[in-house]
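S.K.: Quick one: sequence plus predicted model below, questions after.
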Amino acid sequence: MPESPLALIAEVTHRCPLHCVYCSNPLQMVSPLSELTTEQWQRVFEQSAKLGVLHAHLTGGEPLAREDITQLVSSARKHGLYTNLITSGIGLSEARLEALVKAGLDHIQLSFQDSREASANWIAGTRAHALKLQIAPMIRRAGIAFTVNMVVHRQNVDHLEEMIELAESLQPERLEIAHTQYYGWAYKNVEQLLPTREQVRESLQKIASAQKRLEGKIRIDAVVPDYYARYPKACMGGWGRRQVLIDPSGTVLPCHAASVIPGLHFENVRERDLEWIWRESESFQKFRGESWMPEPCQSCDRRTEDFGGCRCQAFMIAGDAATTDPVCSLAPTHGLIEQKLAQINDSAPPLAIVGQEQFWTYRPQPK
Amino acid sequence: MPELEDSSQPRLATGCRWTGEGANRTLLYPEGAPRLPGTARAILERCDGQRSFAQIVQELATAYNASDPTQIRQDASAFLERLRQKRLIDF
């Protein structure tokens, strides 16, 4: 019997006023016409709580793009879930925030694209930065837990110290500094976003020194870039093991990216109970546990720590979802990652001019 | 950062709350949800912003039938300091 998932990631819509080039949404986004209704989401929260889920992360797209977001928060909280809103902030007003807090929202995570306005707007593909600066103090005053999230990559990581200073001035309890993970739109832009080895090294030093300096004041959690790691990340804490994601149309996935893997049929909460999907469905069992593992994972001591890494990355880079994650230095396909790193580190990568929109591919609106 | 003193009144930080009962008693916070074993839970459940640290130590000493509260004071203080660094406790 698989354990219960601890967290539900509810992608309540793929609509978003921002067009971030590092977005983890799939290239095939869900149309607004196919989104679950308020009642269907309410059923999802009820079924999640019954299954043992503790955290509901309401995300998107931009979750505030849903008119009924307060009702969704209220429902998640009513079923006992710890309710987190992952937002760009765009669409938040004093009145709306007050309603969300009243509905039981526990935590807001607000994202920033850079410390410098021109660059932040260039990365987001829209003028959002100044608005975010107005919204952050509003969140701080609302008396709920507040995390600032900074997504870093080659085009902004050199400003990391400034970004940390900006976060500090907004007084969150927590700062998440996340190196971009290469899925969805981020993978499409990987050549423009992948940092150099030197940039990664420097960023980790800056993070460590900020952690020390801000100890007891702001807790800093860092997401390291796995292309430069020796061993893969324990993606989602293992396939179908800790987390479950439901996309705007109700399709149930083990992670943000799994829809790229061909030959897997993912069930939908419109047709099946979440508990059955989690425990019994073929897609959730496919890479659960260890029996699917190839060598070198099968005989590796780390298999219970990293679960063979990321299945989506194995498919995207090596063309086979059932092979060891190519970022692992022990993987037979690791050369493919080394090639990507060599492109960035050993030759001149594409030169960026802040504001130049043709430099990369923006995430469009779902139609 | 203020030191933890006998008169401090530790409390769960904003965004931390309890859920579940008995063996399922769990502390919820933004990126975690540990089920807490005996002593950790005994300490944290007393961090209500009302009780002073001295009072908490006294209660624990009684609850655990300890002859020497010094060790309890030391352990509880180290534990709460660690949790403050994670921004789960304020005092």
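M.R.: Okay, I see it.
S.K.: A:Leu166 contacts A:Gln113, doesn't it?
M.R.: No - assessed by Cβ atoms under 8 Å, A:Leu166 is found out of contact with A:Gln113, at 11.1 Å. In short, each C-beta sits where N, CA and C put it, glycine included.
S.K.: who has more neighbours, the two?
M.R.: A:Gln113 (29 against 21; other Cβ atoms under 10 Å in any protein chain shown).
S.K.: A:Ala128 versus the residue in chain B that chain A sits nearest to, what's the distance?
M.R.: Going by Cβ to the nearest Cβ, chain A is nearest to B:Gly15 of chain B, at 2.2 Å. Going from B:Gly15 to A:Ala128 by Cβ to Cβ, to the nearest Å gives 25 Å.
S.K.: Look at the residue of chain B closest to chain A and say how many residues are nearby.
M.R.: Number of residues near B:Gly15 (other Cβ under 10 Å) recorded here: 23.
S.K.: if we can go back for a sec, where do the contact lists of A:Leu166 and A:Gln113 overlap?
M.R.: When Cβ atoms under 8 Å, 6 or more residues apart in numbering or on different chains defines a contact, no residue borders A:Leu166 and A:Gln113 alike.
S.K.: Retrieve the pLDDT associated with the residue in chain B sticking out farthest from the centre.
M.R.: Ranked by distance from the centre of chain B (Cα atoms, centre = their mean), the top residue is B:Ser67, with 20.4 Å. Listed pLDDT for B:Ser67 reads 76.
S.K.: what do you get for B:Met1?
M.R.: For B:Met1, the predicted pLDDT is 69.
S.K.: so A:Tyr182 sits in a helix?
M.R.: No - per DSSP: H, G, I helix; E, B strand; the rest coil, A:Tyr182 lies outside any helix segment and is coil.
S.K.: Run a quick neighbour tally on the residue nearest to it when sequence neighbours are not counted.
M.R.: Leaving out its chain neighbours, the residue that sits closest to A:Tyr182 by Cβ to Cβ, 6 or more residues apart in numbering or on different chains is A:Val190, at 5.0 Å. Residues within reach of A:Val190, counting by other Cβ under 10 Å, total 20.
S.K.: can you check the one 5 residues further on too?
M.R.: A:Pro195 is surrounded by 25 other residues when neighbours are defined as other Cβ under 10 Å.
S.K.: mind checking the SS state of it?
M.R.: coil.
S.K.: so where is chain A shaky, pLDDT-wise?
M.R.: Within chain A, no stretch has pLDDT under 70.
S.K.: Tell me how far the closest residue to chain B within it lies from B:Ala54.
M.R.: Residue nearest to chain B within chain A (Cβ to the nearest Cβ): A:Ala145, separated by 2.2 Å. According to Cβ to Cβ, A:Ala145 stands 28 Å off from B:Ala54.
S.K.: which residues touch A:Phe284?
M.R.: Taking Cβ under 8 Å, 6+ apart, one finds A:2, A:239-240, A:252, A:254, A:277-278 in contact with A:Phe284.
S.K.: Of those, which belong to helices?
M.R.: Of the contacts of A:Phe284, the ones assigned to helices by DSSP state H are A:277-278.
S.K.: Looking at the contacts of A:Phe284, which are in strands?
M.R.: Among these, DSSP state E puts A:Val252 in strands.
S.K.: got JSON lines for the contacts of A:Phe284, with neighbour count and distance to chain B too?
M.R.: JSON lines is the format used below for the contacts of A:Phe284 (neighbours: other Cβ atoms under 10 Å in any protein chain shown; distance: Cβ to the nearest Cβ, whole Å):
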{"residue": "A:Pro2", "neighbour count": "14", "distance to chain B": "18"}
{"residue": "A:Trp239", "neighbour count": "25", "distance to chain B": "20"}
{"residue": "A:Gly240", "neighbour count": "26", "distance to chain B": "18"}
{"residue": "A:Val252", "neighbour count": "22", "distance to chain B": "21"}
{"residue": "A:Pro254", "neighbour count": "28", "distance to chain B": "19"}
{"residue": "A:Ile277", "neighbour count": "24", "distance to chain B": "22"}
{"residue": "A:Trp278", "neighbour count": "25", "distance to chain B": "17"}
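S.K.: out of the contacts of A:Phe284, who's nearest A:Ser24?
M.R.: A:Pro254 (14.1 Å; Cβ to Cβ).
S.K.: Contact partners for that closest one?
M.R.: So A:Pro254 contacts A:236, A:239-240, A:243-245, A:283-284, A:287 (Cβ under 8 Å, 6+ apart).
S.K.: Okay, now the unreliable bits of chain B?
M.R.: Looking at chain B by pLDDT under 70, you get B:1.
S.K.: let's go with 80 and repeat that
M.R.: Within chain B, the ranges that satisfy pLDDT under 80 run B:1-2, B:37, B:67.
S.K.: The lengthiest helix in it and chain A in contact?
M.R.: Determined from DSSP H, the single longest helix within chain B is helix B:69-85. Yes - against chain A, helix B:69-85 shows contacts by Cβ under 8 Å from any Cβ of the partner chain at B:84-85.
S.K.: near chain A at all, the helix or strand just after that helix?
M.R.: Moving toward the C-terminus from helix B:69-85, the first helix or strand encountered (DSSP states H and E) is strand B:89-90. No - judged by Cβ under 8 Å from any Cβ, strand B:89-90 stays clear of chain A, getting no closer than 9.5 Å.
S.K.: So which elements touch strand B:89-90?
M.R.: Applying 3 or more Cβ pairs under 8 Å, 6 or more residues apart in numbering or on different chains; DSSP states H and E, one finds that strand B:89-90 contacts strand B:11-12, helix B:69-85.
S.K.: For it, which strands pair with it and how are they oriented?
M.R.: strand B:11-12 (antiparallel) (DSSP bridges).
S.K.: Just list the residues touching B:Ala33, thanks.
M.R.: Counting by Cβ under 8 Å, 6+ apart, B:Ala33 touches A:6, A:54-55, A:82, B:19, B:26-27.
S.K.: Touching, the residue nearest to A:Tyr182 and A:Lys340? I think so.
M.R.: Yes - using Cβ under 8 Å, A:Val190 makes contact with A:Lys340 at a distance of 7.1 Å.
S.K.: all strands of the stretch 101-250 of chain A, in order?
M.R.: A:107-112, A:145-152, A:174-179, A:219-223, A:243-246 (DSSP state E, counting those that start in this stretch).
S.K.: rewinding a little: in the longest helix of chain B, what's buried?
M.R.: The neighbour-count check on helix B:69-85 (16 or more other Cβ atoms under 10 Å in any protein chain shown) flags B:69, B:72-73, B:76-77, B:80, B:83-84 as buried.
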